[in-house]
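K.L.:
The amino acid sequence is not available; the structure is as follows:
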């Protein structure tokens with residue numbers, strides 16, 4: 001569902017409800033049929049593909065469905081600072097409003113205690129790891145935490161399956177590390193698993209790929225499209241969609257959208273309690289039987305998790321990974337609190353934003 005801001009309904013233009021042709025273009029940018037996106041009146045609807053400081057590359061269309069990609073500045077008093085994947089309203093070269101987000105993919109910011117939002121309104125996070133070498137379980141677990149924390153659906157994609165002789169064993173290992181998460185294998189060389197992945201990335205789905213350099217993300221993208229060029233033309237109605245609009249947003253031939261975000265390192269991961277609980281669902285379930293609700297699973301009396309380790313039901317490595325990530329989550333919380341306290345002492349306010357604000361009245 002596409003909504004228009006309800007402030008001052010009497011001033012809405014006659015064409016305020018978006019036309020089918022405009023909605024058709026937005027569908028090619030990842031707008032789902034059930035999405036509730038809010039656009040400002042007297043502005044053009046669009047989506048952010050990449051942010052450059054106080055400007056953003058925005059793909060937008062006018063009321064006739066004619067599409068443009070422009071670098072737009074941020075108006076003052078924006079409700080949110082735009083990031084890749086945001087649905088926004090643009091007018092006269094400025095981003096005038098940002099629609100509320102459904103999901104946020106985050107990592108620690110440059111300042112200790114800060115959190116940086118990398119991408120918004122993501123439906124699927126593809127955790128990409130190569131299978132032609134020893135599986136990096138720690139990275140898999142941590143990326144899964146990050147994916148769960150975003151609110152999106154994680155899918156583990158094990159690439160380079162043609163270079164491994166122990167595929168089934170590695171799939172089992174990955175499945176044990178992230179219980180309940182779909183694990184699939186692919187090969188960009190042979191095409192194995194590519195159609196299955198395309199089926200996930202259908203119209204209305206926005207995805208990102210997380211993985212270390214060399215995991216095969218670029219090759220996977222090229223295999224999905226059957227081309228290394230990733231360019232074609234798109235009509236006003238969205239038919240004959242092109243695969244890439246800018247260097248950061250790819251319209252896939254399967255109908256979905258892939259946002260290219262900066263590479264992720266283990267140190268970049270931000271950790272939230274829900275993400276930790278979801279990624280370690282087996283430990284979360286066992287913890288329900290602990291004697292104390294705040295059990296730290298570290299020698300506490302009546303700990304059901306440690307009892308599961310002792311009985312062989314849960315691997316010691318699994319619990320150790322949970323402890324390591326939990327400790328980092330606690331430290332991140334401490335850092336955030338210290339940063340907030342330091343800012344208050346310095347009397348730092350909100351960062352100023354450039355250029356004029358926009359009201360409904362001209």
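P.N.:
Perfect, I can see it now. Quantities reported herein were computed from a predicted structural model and do not represent experimental measurements. Numbers count the residues shown, from 1 in each chain.
K.L.:
Give me the nearest residue to residue 161, chain neighbours excluded.
P.N.:
Spatial nearest neighbour of residue 161, excluding adjacent residues (Cβ to Cβ, 6 or more residues apart in numbering): residue 185 at 4.1 Å. (C-beta placed from N, C-alpha, C; glycine too.)
K.L.:
Quick check, the one you found in contact with residue 167.
P.N.:
Yes - Residue 185 is in contact with residue 167 according to Cβ atoms under 8 Å; the separation is 5.9 Å.
K.L.:
shared neighbours of the two, anything?
P.N.:
131, 158, 161 (Cβ atoms under 8 Å, 6 or more residues apart in numbering).
K.L.:
Was I right to think the first one contacts residue 185?
P.N.:
Just to be clear, that refers to residue 131. Yes - contact status for residue 131 versus residue 185: in contact at 6.4 Å, counting by Cβ under 8 Å.
K.L.:
of those two, who's got more company?
P.N.:
A count of neighbours by other Cβ atoms under 10 Å puts residue 131 above the other of residue 131 and residue 185, at 24 against 21.
K.L.:
Identify the residues contacting the more buried one.
P.N.:
Contacts of residue 131 (Cβ under 8 Å, 6+ apart): 158, 159, 160, 161, 163, 164, 167, 170, 185.
K.L.:
ok, those vs residue 319, which is closest?
P.N.:
residue 170 (21.7 Å; Cβ to Cβ).
K.L.:
What strand or helix carries the nearest residue to residue 248 once chain neighbours are set aside?
P.N.:
What sits nearest to residue 248 in space, not counting adjacent residues and going by Cβ to Cβ, 6+ apart, is residue 50, at 3.9 Å. For residue 50, the host element (DSSP states H and E) is strand 44-52.
K.L.:
before we move on, what about residue 64?
P.N.:
Per DSSP H and E, there is no helix or strand for residue 64.
K.L.:
Count residues in the vicinity of it, would you?
P.N.:
Counted with other Cβ under 10 Å, residue 64 comes out at 11.
K.L.:
do the same with the one 10 residues further on
P.N.:
Using other Cβ under 10 Å as the criterion, residue 74 is surrounded by 22 other residues.
K.L.:
my guess is residue 319 contacts residue 307, does it?
P.N.:
No - with contact defined as Cβ under 8 Å, residue 319 does not count as touching residue 307 (11.1 Å).
K.L.:
who has more neighbours, these two?
P.N.:
A count of neighbours by other Cβ under 10 Å puts residue 319 above the other of residue 319 and residue 307, at 20 against 14.
K.L.:
wait, is that one part of a strand?
P.N.:
No - counting by DSSP: H, G, I helix; E, B strand; the rest coil, residue 319 is not part of a strand but helix.
K.L.:
returning to that earlier point: which positions in the strand holding residue 50 come out as buried?
P.N.:
Neighbour counts using 16 or more other Cβ atoms under 10 Å place 44, 45, 46, 47, 48, 49, 50, 51 of strand 44-52 among the buried residues.
K.L.:
Paired strands for that strand, with orientation please.
P.N.:
strand 55-61 (antiparallel), strand 87-91 (antiparallel) (DSSP bridges).
K.L.:
give me every residue that touches residue 47.
P.N.:
26, 29, 30, 58, 59, 60, 85, 86, 87, 88, 249.
K.L.:
among those, which one has the lowest pLDDT?
P.N.:
Of all these, residue 249 has the smallest pLDDT value, namely 86.
K.L.:
Grab the nearest non-local neighbour of residue 282.
P.N.:
residue 179 (5.0 Å).
K.L.:
Checking my notes, the one you found in a strand, right?
P.N.:
No - Residue 179 is assigned coil when assessed by three-state DSSP, not a strand.
K.L.:
so what's it scoring on pLDDT?
P.N.:
At residue 179, pLDDT is 87.
K.L.:
correct me, but it touches residue 284?
P.N.:
No - the criterion here is Cβ under 8 Å, and residue 179 misses it with residue 284 at 9.8 Å.
K.L.:
Can you list the residue ranges for strands in the stretch 201-350 of the chain?
P.N.:
Secondary structure of the stretch 201-350 of the chain (DSSP state E, counting those that start in this stretch): strands at 206-210, 249-251, 257-259.
K.L.:
ranking the ones you listed by mean pLDDT, which is last?
P.N.:
When I compare the strands of the stretch 201-350 of the chain, strand 249-251 is least confident, with a mean of 88.
K.L.:
which parts of that one are buried?
P.N.:
249, 250, 251.
K.L.:
how far away is the nearest residue to the second one once chain neighbours are set aside from residue 124?
P.N.:
If the residues on either side of it in the chain are set aside, residue 250 comes closest to residue 258, at 4.4 Å by Cβ to Cβ, 6+ apart. For residue 258, the distance to residue 124 equals 9 Å [Cβ to Cβ, to the nearest Å].
K.L.:
quick one: buried residues of stretch 175-186?
P.N.:
Neighbour-count burial for stretch 175-186 [16+ other Cβ under 10 Å]: 177, 178, 179, 181, 183, 184, 185, 186.
K.L.:
which pair in these spans the largest distance?
P.N.:
So, the buried residues of stretch 175-186 by Cβ to Cβ: farthest apart are 179 and 186, at 21.3 Å.
K.L.:
Give me the buried positions along stretch 62-76.
P.N.:
65, 67, 72, 73, 74, 75.
K.L.:
Residue 316 is in contact with residue 305, correct?
P.N.:
No - the criterion here is Cβ under 8 Å, and residue 305 misses it with residue 316 at 11.0 Å.
K.L.:
Give me the more crowded residue out of the two.
P.N.:
residue 305 (26 against 11).
K.L.:
ok, residue 73 to residue 24 distance?
P.N.:
Counting by Cβ to Cβ - residue 73 and residue 24 are separated by 28 Å.
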